[in-house]
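A.B. asks: requesting a structural model of the entry that follows:
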Amino acid sequence: MDVMIIATKACTHRKNLENELTHMRIPYRVCFVEDCADLVQKLSIRHSPNLVVDDEVVFRKQPTEVELHAYFGTKT
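C.D. replies: As a prediction, the model looks like this:
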């Protein structure tokens, strides 16, 4: 499973999302909007942060802890 956060460098929610994924032991990578223009256009990114799994945008906002656990099938 390829998990990627797409966010602006100034996004204040990105670090929270990173902490949640780390706590859940979900490996991820970060792609900054400023550095990935082609990907941003391809996925129609308009807000920050976004969570992309296997090349599909699954959240176009800061998901809650409950939403993340439900999506990844993990326990809270």
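A.B. asks: ok, H13 touching N19?
C.D. replies: No. Between H13 and N19 there is no contact under Cβ atoms under 8 Å: 10.6 Å. All C-beta atoms are positioned from the backbone trio N, CA, C, and that covers glycine.
A.B. asks: of the two, which one has the most company?
C.D. replies: Neighbours per residue, other Cβ atoms under 10 Å: of H13 and N19, the larger number sits with H13, 16 against 10.
A.B. asks: from I6, how far off is the more buried one?
C.D. replies: 12 Å (Cβ to Cβ, to the nearest Å).
A.B. asks: anything in contact with each of those two?
C.D. replies: When contacts are counted by Cβ atoms under 8 Å, 6 or more residues apart in numbering, H13 and I6 are jointly contacted by 48-49.
A.B. asks: distance check, the residue lying closest to R14 once chain neighbours are set aside against G73.
C.D. replies: Excluding the flanking residues, the one nearest R14 by Cβ to Cβ, 6 or more residues apart in numbering is A7, at 4.1 Å. From A7 across to G73, the span is 24 Å (Cβ to Cβ).
A.B. asks: no further queries at this time; thank you.
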